[in-house]
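got a structure for you, letters missing:
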């Protein structure tokens, strides 16, 4: 037996020696097709696609008063992943805002389109986890996607003015090109994350003012509405209904909203989520859905192991919060957005009914239901 063990030991030692004498592996090749920003030509910057096949269209024409025309020539700056070669985690230095179209196969196309508005605290645009990752996700449901590259506060822009203008212009631009991309113009909405959800919430209620300001015959988009047909408000920043703001009138045809946030683990954003939800619920807006998860923190928050909480589509440690995107699909399907193109959605029918017959609530403090919606923002009269 001892001889057998000695023989085995000699055999293993021989194998290890043979392995150590093996020729070295060839050097790894460099990653291929890594995206990079375009050059500075002195002309308005031409945004490059974030994902292969993207069709990129600037939001505003050269010389537009909405642009800082002294800086539109500056290239964007990509912040790349250090672990996944070719992945753009975020973009900064955006002065020529744009939209990037990604369409689906005709056989599965529902005609629906989601404009993705990434977050990043207005200091970066997190287009990896909160935009690009959603392109293949929505593709599987026959939903077209558009990535919005909006401007940032870090580059000198006002989130409540310039960035909201970018969001509203994006909706008009997608609707203007809907036929070219086989998109149903009545199924165009927006999904925003964190700081991007601020823009989404604002776009959902401020479109009448934006459209009235941009109705000149010289505007090629005149008469094209910036109203989203639906909105996804995901772990949002402050909406126009935040406590320190003067709430705007709610348009009678305000779109349905799907709202998601962590609860006590993301308290501030949960409060902002509920402020938007309550403003809509108080006047009876149809198809407003809210999910506040008991276990959930905001993307970017530090974790005990030194890493940071991820967001977007990530699994979130196998918690229910990591499945919110499927709750969105449930809501989206319920409202008819996953039907074939040109079929009127339940969402559209319910909005029309709400406009024609707005609900009437009892006076504050009367009857069942306690205090009632006495703090609700006013509803703008129908046009």
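That came in fine, so what should we check first? Not measured: the values here are computed from a predicted model. Residues are numbered from 1 along each chain as shown.

hey, where'd the strands end up in the chain?
Assigned by DSSP state E, the chain shows strands spanning 55-58, 77-80, 88-92, 98-102, 113-117, 144-149, 188-193, 231-234, 257-262, 288-293.

what does the third one contact?
Read that as strand 88-92. Applying CB atoms under 8 Å, 6 or more residues apart in numbering, the contact partners of strand 88-92 are 35, 50, 76-81, 118, 120, 123-129, 132, 149, 152, 154-155. Heads up, the C-betas are built off the backbone N, CA and C, glycines and all.

Export the strands of the chain as CSV, with columns for mean pLDDT.
Shown next, in CSV, are the strands of the chain (pLDDT from 0 to 100):
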stretch, mean pLDDT
strand 55-58, 98
strand 77-80, 97
strand 88-92, 97
strand 98-102, 98
strand 113-117, 98
strand 144-149, 98
strand 188-193, 98
strand 231-234, 98
strand 257-262, 97
strand 288-293, 97
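
Point out where this protein drops to low pLDDT.
Low-confidence segments of the chain, defined by pLDDT under 70, span residues 1-20, 301-309, 363-383.

Can you report how many residues neighbour residue 100?
24 (other CB atoms under 10 Å).

Revised request: answer the last question for residue 229.
The number of residues packed near residue 229 is 25, by other CB under 10 Å.

on that earlier part again, and the buried ones among the contacts of strand 88-92, selectable in PyMOL?
Those of those that count as buried under 16 or more other CB atoms under 10 Å are selected in PyMOL with:
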select buried, resi 50+76+78+79+80+118+120+124+125+126+127+128+129+132+149+152+155
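
before we move on, the earlier item: for residue 69, which of the strands of the chain is the nearest?
For the strands of the chain, distance to residue 69 was read as CB to CB. The smallest value, 12.4 Å, belongs to strand 55-58.

The closest one pairs with which strands, parallel or anti?
As defined by DSSP bridges, the strand partners of strand 55-58 come to strand 98-102 (antiparallel).

Surely residue 73 is in contact with residue 38?
No: Residue 73 is not in contact with residue 38 according to CB atoms under 8 Å; the separation is 10.7 Å.

who has more neighbours, these two?
Using other CB under 10 Å, the more surrounded residue of residue 73 and residue 38 is residue 73, with 15 against 11.

need the contact list for the more buried one.
Contact analysis of residue 73 by CB under 8 Å, 6+ apart lists 40, 41, 42, 43, 44, 45, 95.

cutoff 6 Å now
Neighbour list for residue 73: 40, 42, 45 [criterion: CB atoms under 6 Å, 6 or more residues apart in numbering].

for residue 117, same thing?
148, 192, 196, 199, 200.

tell me which residues form a beta bridge with it?
Residue 117 has the following beta-bridge partners by DSSP bridges: residue 192.

Kindly provide the distance from residue 113 to residue 208.
Computed as CB to CB, to the nearest Å, the residue 113 to residue 208 distance reads 22 Å.

quick one, which of these two is more surrounded?
In terms of neighbours (other CB under 10 Å), residue 113 is the more surrounded of residue 113 and residue 208; the figures are 30 against 18.

isn't that one right up against residue 181?
No: using CB atoms under 6 Å, residue 113 is not in contact with residue 181; the gap is 7.7 Å.

thinking again about what came up before, top of the contacts of residue 73 by number of neighbours, please.
Busiest of the contacts of residue 73 [other CB under 10 Å] is residue 45, holding 23 neighbours.

With adjacent residues omitted, what lies nearest to residue 237?
residue 198 (3.9 Å; CB to CB, 6 or more residues apart in numbering).

Quick one: the helices in this structure, in order.
Along the chain, counting by DSSP state H, helices occupy 2-20, 134-139, 164-176, 195-213, 267-281, 324-334, 346-356.

Determine the number of other residues adjacent to the residue nearest to residue 237.
Neighbours of residue 198 using other CB under 10 Å come to 27.

and what of residue 31?
For residue 31, using other CB under 10 Å, the count is 11.

that older thread, can you tell me how far the residue nearest to residue 237 sits from residue 289?
19 Å.

With residue 276 instead?
For residue 276 relative to residue 289 (CB to CB), the value is 12 Å.

what about those two, which has more around it?
residue 276 (26 against 17).

In this structure that one contacts residue 200, no?
No: using CB under 6 Å, residue 276 is not in contact with residue 200, being 9.8 Å away.

Which of the contacts of residue 73 sits closest to residue 187?
The closest of these to residue 187 turns out to be residue 45 (CB to CB; 30.9 Å).

Let me see the contact set for the closest one.
Contacts of residue 45 (CB under 6 Å, 6+ apart): 73, 75, 96.
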